[in-house]
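Chemist: I'd like to go over a predicted model; first the sequence, then the structure.
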Protein chains: 2
Amino acid sequence: MLKVPEHQVAGRQAIDGKLGPLIDNSGHFYKPLQDDDERGTRELTFYHSFSSNTRIPHHIRRFFPVFHGTQLLKASDRSGLRPHLVLQDITSDHLNPSILDIKIGSRTWYLEASNDYIQNCFHRDKTTTTVSLGFRICGLQIYNESGFWKPGRKLVRNFTADDVRSVLRKFVSSNVGPEPDCCFAGSVYGGCDGILERLLELKTWFEDQTMYHFRSCSVLLLFDKESFLRGKTPFAEVKLIDFAHVVDGNGVIDHNFLGGLCSFIKFVSQVLADLKGSTMEDKI
Amino acid sequence: MLKVPEHQVAGRQAIDGKLGPLIDNSGHFYKPLQDDDERGTRELTFYHSFSSNTRIPHHIRRFFPVFHGTQLLKASDRSGLRPHLVLQDITSDHLNPSILDIKIGSRTWYLEASNDYIQNCFHRDKTTTTVSLGFRICGLQIYNESGFWKPGRKLVRNFTADDVRSVLRKFVSSNVGPEPDCCFAGSVYGGCDGILERLLELKTWFEDQTMYHFRSCSVLLLFDKESFLRGKTPFAEVKLIDFAHVVDGNGVIDHNFLGGLCSFIKFVSQVLADLKGSTMEDKI
């Protein structure tokens, strides 16, 4: 029994007769291969290359959804059978996951792309936080007592640097109002199992690896308040998703992804630093 | 007695009646303030801000030329008196310095610039190694027995990734032919006083500092074979130059400079890694 993913926060959705990903009840995520451009082929090529690449360290492989090959399935747009990537559904272990989808890099285009594609990306990069911050939030949902806060696409697209700072605080708060309490920040962002530590692991790999350049790729942060309150681990996860624009690194590090990742790491660190600052003030 | 700098490898030169920098015999470098655009003012503003900024660590200040204020001087284009920045002449301690001028960052434009400026930079960035490698070599001179090897601007502008790799090997070789011996690589790039260690210090600062964004800024590598052979220190130096396009960091790290710097660091590391590899082969 396939269904529309409940916790998708960005990308094309399988609603209103459109083509989009589907999930099942056993933890699989089915992503349709599109035939209108090279994206699907490129993503499939990446998963094949990555899953058979013996130079990927074990602790880095954990950041990527598990790849189970492809499968012919009835497409969500009712166009008939279509090949789908079969991937791990990374939300399936979580009851009410808070999710942030962050597209990393100050540039989403690449030299190998068509001129139209470059111009479109160039415009979008300048008018979002991509150029200024080196990343942009593409979508999010934050769980709280009254359900999910899930701002619309237009709102997210117009996020400023201050909006980003605010979202990063709300993500680890019990409330999403104007004064988020950041009560989960220490355990979700900080600590040896926290998101910051995971991002730093990823950074170390990107300082060295020259095999792939991840254009328009997202870092997904997942955090489940209920798992946390029940003491389940992992209650917070970092995953990389969307590899339709991965290109060959040609012996050069992915300085675009690395720079954006470092900028994002600094934003997360600042939430923790502010927390320490305010705790110090409380004590004075 | 002012004269044209002997060891300038990039930028506008004070020759053929043009406006350019001058030096004296006491280690000063005089850079004219241009009145045709905001560059001069912005560079002066940067030097004022930087030299009075108490948050700059001592070990980071060493990377910047010392600033001695401004002075009215007869301009090299014979247009009369003009204000000049008075800076440290970083080549004055070296007899025959080999120099690499590397413009850091995969993007030389910035959102605050005019549309024409952005388009010009965008084109230049795509057609040099700026976009692909995150940096480009802007000029160089390498000293060897027969004098200086100093390729022309057009040649340098057309450098590919492989040309960059080759230049980085020639820079630390006794010969500049097709098979550079890299005999100075271990001591110039490696070691605790070497260039790689300096670049890593700079990287650590850029991972944290959110005060300035260094657009179109260069890292200058200087290495003096004679100082080295005489056991003088420092025989190799790393300096940052050209601050006409420094903009406010607004609390965000300079992910553009940092990404490019990391990519350049990887290129330098690879010269050392190849060296180890070939020494291993010799032993087998």
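Modeler: Received the coordinates, thanks.

Chemist: okay, the closest residue to chain B within the stretch 51-200 of chain A and A:H94: tell me how far apart.
Modeler: Residue of the stretch 51-200 of chain A nearest chain B, by CB to the nearest CB: A:G134 (3.6 Å). For every residue, glycine as well, the C-beta is placed using N, CA and C. Using CB to CB, to the nearest Å, A:G134 is found at 28 Å from A:H94.

Chemist: please say which of those two ends up with more neighbours.
Modeler: For A:G134 against A:H94, the residue with the higher neighbour count under other CB atoms under 10 Å in any protein chain shown is A:G134, and the figures read 29 against 21.

Chemist: hmm, back to that, quick one: residues contacting the residue of the stretch 51-200 of chain A closest to chain B.
Modeler: The contact partners of A:G134, taken as CB atoms under 8 Å, 6 or more residues apart in numbering or on different chains, are A:I104, A:G105, A:S106, A:G259, A:G260, A:C262, A:S263, A:F264, B:V252, B:H255, B:N256, B:G259.

Chemist: could you redo the last one with a cut-off of 7 Å?
Modeler: Applying CB atoms under 7 Å, 6 or more residues apart in numbering or on different chains to A:G134 gives the contacts A:G105, A:S106, A:G259, A:G260, A:S263, B:H255.

Chemist: who wins for most neighbours among the residues you listed?
Modeler: Neighbours here mean other CB under 10 Å. Within the contacts of A:G134, the largest count is held by A:G259, at 33 neighbours.

Chemist: that one contacts B:N256, correct?
Modeler: Yes: using CB atoms under 7 Å, A:G259 and B:N256 qualify as a contacting pair, with a distance of 6.1 Å.

Chemist: if I look at the two, which residues touch both of them?
Modeler: Jointly contacting A:G259 and B:N256 under the rule CB under 7 Å, 6+ apart are A:S106.

Chemist: on the three-state scheme, the residue of chain A at minimum distance from chain B is what?
Modeler: The minimum distance from chain A to chain B, using CB to the nearest CB, falls at A:G259 (2.7 Å). Following DSSP: H, G, I helix; E, B strand; the rest coil, the label given to A:G259 is helix.

Chemist: shouldn't A:V164 be in contact with A:C138?
Modeler: No: applying CB under 7 Å, one finds A:V164 not in contact with A:C138, separated by 11.8 Å.

Chemist: by contact count, what packs against the host helix or strand of A:V271?
Modeler: In this assignment (DSSP states H and E), A:V271 forms part of helix A:255-283. Contacts defined by 3 or more CB pairs under 7 Å, 6 or more residues apart in numbering or on different chains; DSSP states H and E place helix A:255-283 against strand A:98-104, strand A:135-144, helix A:161-170, helix A:185-188, helix A:195-206, helix B:255-283.

Chemist: so which of these has the densest surroundings on average?
Modeler: Mean neighbour counts were taken over the helices and strands packed on helix A:255-283 using mean count of other CB atoms under 10 Å in any protein chain shown, and the top value, a mean of 25, falls to strand A:98-104.

Chemist: in its sheet, what does that strand sit against?
Modeler: Strand A:98-104 has the following strand partners under DSSP bridges: strand A:135-144 (antiparallel), strand A:218-223 (antiparallel).

Chemist: correct me, but A:S173 touches A:D181?
Modeler: Yes: taking contact to mean CB under 7 Å, the distance of 4.9 Å between A:S173 and A:D181 places them in contact.

Chemist: the residue nearest to A:D93 when sequence neighbours are not counted: neighbour count?
Modeler: On the basis of CB to CB, 6 or more residues apart in numbering or on different chains, the spatially nearest residue to A:D93 that is not a chain neighbour turns out to be A:G27, at 7.7 Å. The number of residues packed around A:G27, counting by other CB under 10 Å, is 14.

Chemist: look at A:S173 and A:D181 and report which has more neighbours.
Modeler: Neighbours per residue (other CB under 10 Å) separate A:S173 from A:D181, with A:S173 holding more: 19 against 13.

Chemist: so is that one in a helix, a strand, or just coil?
Modeler: Three states are possible here, and by three-state DSSP the one that applies to A:S173 is coil.

Chemist: count of neighbours near the residue nearest to A:R169 when sequence neighbours are not counted?
Modeler: Of all residues beyond its chain neighbours, the one nearest A:R169 is A:P180 (4.4 Å), with distances taken as CB to CB, 6+ apart. Close neighbours of A:P180, defined as other CB under 10 Å, add up to 20.

Chemist: in space, not sequence, find me the middle residue of chain A.
Modeler: A centroid search over chain A (CA atoms, centre = their mean) returns A:L220, at 2.4 Å, as the residue closest to the centre.

Chemist: looking at it, it is touching A:S98, isn't it?
Modeler: No: under the contact definition of CB under 7 Å, A:L220 does not touch A:S98, with a separation of 11.2 Å.

Chemist: on that earlier part again, distance of the residue nearest to A:D93 from A:P5?
Modeler: In terms of CB to CB, A:G27 sits 12 Å off from A:P5.

Chemist: with A:F264 instead?
Modeler: From A:F264 across to A:P5, the span is 24 Å (CB to CB).

Chemist: and the helix holding A:V271, how far out from the chain's middle?
Modeler: If you compare the mean C-alpha spot of helix A:255-283 with that of the full chain, they lie 18 Å apart, counting by CA atoms, centre = their mean, to the nearest Å.

Chemist: same question, stretch A:203-218
Modeler: Per CA atoms, centre = their mean, the centroid offset for stretch A:203-218 relative to its chain is 14 Å.

Chemist: which residues outside that stretch are in contact with it?
Modeler: Under the criterion CB under 7 Å, 6+ apart, residues A:55, A:60, A:101-105, A:108, A:110, A:138, A:240-243, A:245-247, A:249, A:251-254, A:257-258, A:261-262, A:265, B:262 lie in contact with stretch A:203-218.

Chemist: thinking again about what came up before, got the phi and psi for the residue nearest to A:R169?
Modeler: The main-chain torsion angles of A:P180 are listed as degrees, to the nearest 10 and equal phi -60, psi 140.
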